[in-house]
Structures are given as structure tokens and as C-alpha cells.
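Trainee: pasting a predicted model and its sequence here:
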Amino acid sequence: MRIRRSVKDFFGRIVIPAISIAVAGYFGYYALNGPRGWIAYQETGAQLEADKTRLAALHDQNGRLRHRIDLLQDGHVDYDLVEELARGSLVASSPDEVAVPRRRPANPVP
């Protein structure tokens, strides 16, 4: 009887609270440092802000490209843009070079 009571007291006073503290510590640790914890939540928020900024830049670039495409549609072609594209593809130059067209000779030599 005494042994049962002492075992019961031992479990009641030491083992059960120790197990409870260990379980609470386990879940508390993963609530902060786990893959879906508080720290991961903070990092995900920062990544989301960076991705929103990048998305806004891509939307802006998409709008500019759509505008250039609209300028090349049949019916209302912007000839300045066509000339710019032709010069860029025909004249192999670096961005800081300027292409100056030459006059054609009056009598080309065959």
C-alpha cells in the first residue's frame, strides 16, 4: 500500500508535470522555429513584399512591350519604330555607337 501510494505520489508530483512541460516545450519550439513557425512567417512576409515589387516591375515592362506591339499592328504602323528596329537589327553595333547613313553614289559601279 505504501509503495503504491509513493509511486502514485511520484507520478503525480514529478513525472506527469515533467511530461507536460516537455510536450509544451516541444510545441513551443516548433511554434517559433518550425517550418511554419513565427520566424518562417516573418521571412515569408519579407519574401512576399519582394515578390510584389518584382511583379509590379514586370507589369510595367509588360505594358511597355504591349504598347510597342500595338505600334506595329497592321493599319496603324509607326514608321519611326519600324526604322528603329530595322537599324538595330541591320547595324551590328554596340549601344554607345551611332549609325550615320551614307549617301548613295550617283553612278554605282557594277
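Mentor: Arrived safely.
Trainee: any idea how far Ser20 lies from Ala31?
Mentor: Going from Ser20 to Ala31 by C-beta to C-beta, to the nearest Å gives 16 Å. C-beta: built from backbone N, CA, C; applies to glycine.
Trainee: wait, I meant Val15
Mentor: To Ala31, Val15 is 24 Å away according to C-beta to C-beta.
Trainee: next one: Lys8
Mentor: 33 Å.
Trainee: also Lys52?
Mentor: 27 Å.
Trainee: with Glu43 instead?
Mentor: Taking C-beta to C-beta as the measure, Glu43 falls 15 Å from Ala31.
Trainee: swap in Ala22?
Mentor: For Ala22, the distance to Ala31 equals 15 Å [C-beta to C-beta].
Trainee: now Val23
Mentor: Val23 is 12 Å from Ala31, where distance means C-beta to C-beta.
Trainee: return the helix or strand in this protein with minimum mean pLDDT.
Mentor: Sorting the helices and strands of the chain by mean pLDDT, DSSP states H and E puts helix 2-10 at the bottom, at a mean of 71.
Trainee: give me the residues contacting the helix or strand that that one is followed by.
Mentor: Per DSSP states H and E, the first helix or strand lying C-terminal to helix 2-10 is helix 16-33. By C-beta atoms under 8 Å, 6 or more residues apart in numbering, the residues outside helix 16-33 that reach it are Gly37, Trp38, Ile39.
Trainee: and the average pLDDT for helix 16-33 is what?
Mentor: Across helix 16-33, pLDDT averages out at 93.
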